[in-house]
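Asker: Below are the sequence and a predicted model; questions follow.
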Amino acid sequence: MTAPKDFSNRLLAEPIREFGRAGLFLLTAFSRMRFGILQLGEILRQVYFVGVRSLVIIVICGFFVGLVLTLQTYDTLTRFGAGDSVSTVLALSLFRELAPVLTAILFAGRAGTSVTAEIGLMKATEQLDALDLMAIDPLERIVQPRLLAGVLAVPALVAIFNVTALLGGVFFAVYLMGSDPITFWGNMQSSVELGKDFGGGLLKGAVFGFLVSWLAVYFGWSAKPTSEGVALATTQTVITSAIAVLLIDFVLSAFML
């Protein structure tokens, strides 16, 4: 009779304890933040590492998401005689939800796992301890640039995702289905608010970038210094980031609407 109860306690208590540890880690990292020329250079290097190197997967996935989304919406809307509204559905669904959420999940899978593995290997090879011995704060040198890089890189990746997805939608609707390009762009411009829809998606991107970067550095920092520990930490980064992004997306969408 006690085994199911103990299992349920672990199932509920362990995520709460893990969240508390992650929160304390984040507060500690914030309290030690310093800004200087060296930090700026490291932040830019991390933006290149997590942002520019993620461009290929963002561009390819964005184009095909726009292609498939336009295909599905065009097929559905034409049944009700509303085929001209496909650009409106495409733009609003992309700007508000799909682009920031999918970009964040792709970012977690490509860059988040790399950050986790990098920090985990630093811990396993005692590089973090070596920084301590040289009187260099590893939170300031290792964690801070990666946190800020995610906040800067993900909104830019969201914007690129939007552009490539729209190109995929235009390719299908205009060049394959023969829709009028003037009507396509006109309906989109009349229904999309730049600040609320497009800007709201970029704001979500910044929040998701911070969230994924936080989880990535935390799981790397807390990973056991073994190959199995680093592998488990990278898996935790992807799973936890995906769940957290979808949860926070619902909260942000509720407030924005």
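Answerer: Thanks, I have it.
Asker: Give me the below-cutoff pLDDT ranges for this structure.
Answerer: 1-12, 36-38, 83 (pLDDT under 70).
Asker: Need the residue closest to the centroid of it.
Answerer: Nearest to the mean C-alpha position of the chain, by C-alpha atoms, centre = their mean, lies residue 104 at 1.8 Å.
Asker: Tell me who's in contact with the closest residue to that residue other than its chain neighbours.
Answerer: Distances taken as C-beta to C-beta, 6 or more residues apart in numbering place residue 208 nearest to residue 104, at 3.6 Å, with adjacent residues excluded. The way it works is simple: take the backbone N, C-alpha and C, and place the C-beta from them, glycine included. Listed by C-beta atoms under 8 Å, 6 or more residues apart in numbering, the contact set of residue 208 reads 100, 101, 103, 104, 107, 154, 245, 248, 249.
Asker: and those residues, which are buried?
Answerer: Among the contacts of residue 208, those classed as buried by 16 or more other C-beta atoms under 10 Å are 100, 101, 103, 104, 107, 154, 245, 248, 249.
Asker: give me the element the first one is part of.
Answerer: Assigning secondary structure by DSSP states H and E places residue 100 in helix 99-107.
Asker: show me where the stretch 101-250 of the chain has helices.
Answerer: If DSSP state H, counting those that start in this stretch is used as the criterion, the helices of the stretch 101-250 of the chain fall at 113-124, 127-133, 138, 144-170, 181-191, 199-221, 227-256.
Asker: Between the buried ones among the contacts of residue 208, which sits nearest residue 174?
Answerer: Closest to residue 174 out of the buried ones among the contacts of residue 208 is residue 103 (24.6 Å), distances taken as C-beta to C-beta.
Asker: Quick one: residues contacting the closest one.
Answerer: Applying C-beta under 8 Å, 6+ apart, the residues contacting residue 103 are 58, 154, 157, 158, 161, 205, 208.
Asker: any idea how far it lies from residue 209?
Answerer: As judged by C-beta to C-beta, to the nearest Å, residue 103 and residue 209 stand 9 Å apart.
Asker: overlap in contacts of the two?
Answerer: Shared contacts of residue 103 and residue 209, defined by C-beta under 8 Å, 6+ apart, are found at residue 154.
Asker: Relative to residue 129, which of the contacts of residue 103 is nearest.
Answerer: The nearest one, if we look at those relative to residue 129 and count by C-beta to C-beta, is residue 154, at 31.0 Å.
Asker: So that closest one is in contact with residue 211, correct?
Answerer: No - in this structure, residue 154 is not within contact of residue 211 by C-beta atoms under 8 Å, at 9.3 Å.
Asker: For these two, list the residues in contact with both.
Answerer: Residues touching both residue 154 and residue 211 (C-beta under 8 Å, 6+ apart): residue 104.
Asker: Dump the buried ones among the contacts of residue 208 to TSV, plus distance to residue 84.
Answerer: Below are these laid out as TSV (distance: C-beta to C-beta, whole Å):
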residue	distance to residue 84
100	26
101	27
103	28
104	31
107	34
154	33
245	33
248	34
249	29
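Asker: of these, closest to residue 81?
Answerer: Nearest to residue 81 among the buried ones among the contacts of residue 208, counting by C-beta to C-beta, is residue 101 at 30.5 Å.
Asker: How about that closest one, nearest residue that isn't a chain neighbour?
Answerer: Leaving aside its sequence neighbours, residue 101 sits nearest to residue 249 (C-beta to C-beta, 6+ apart; 5.4 Å).
Asker: which residues touch the one you found?
Answerer: 97, 100, 101, 204, 208 are the contacts of residue 249 under C-beta under 8 Å, 6+ apart.
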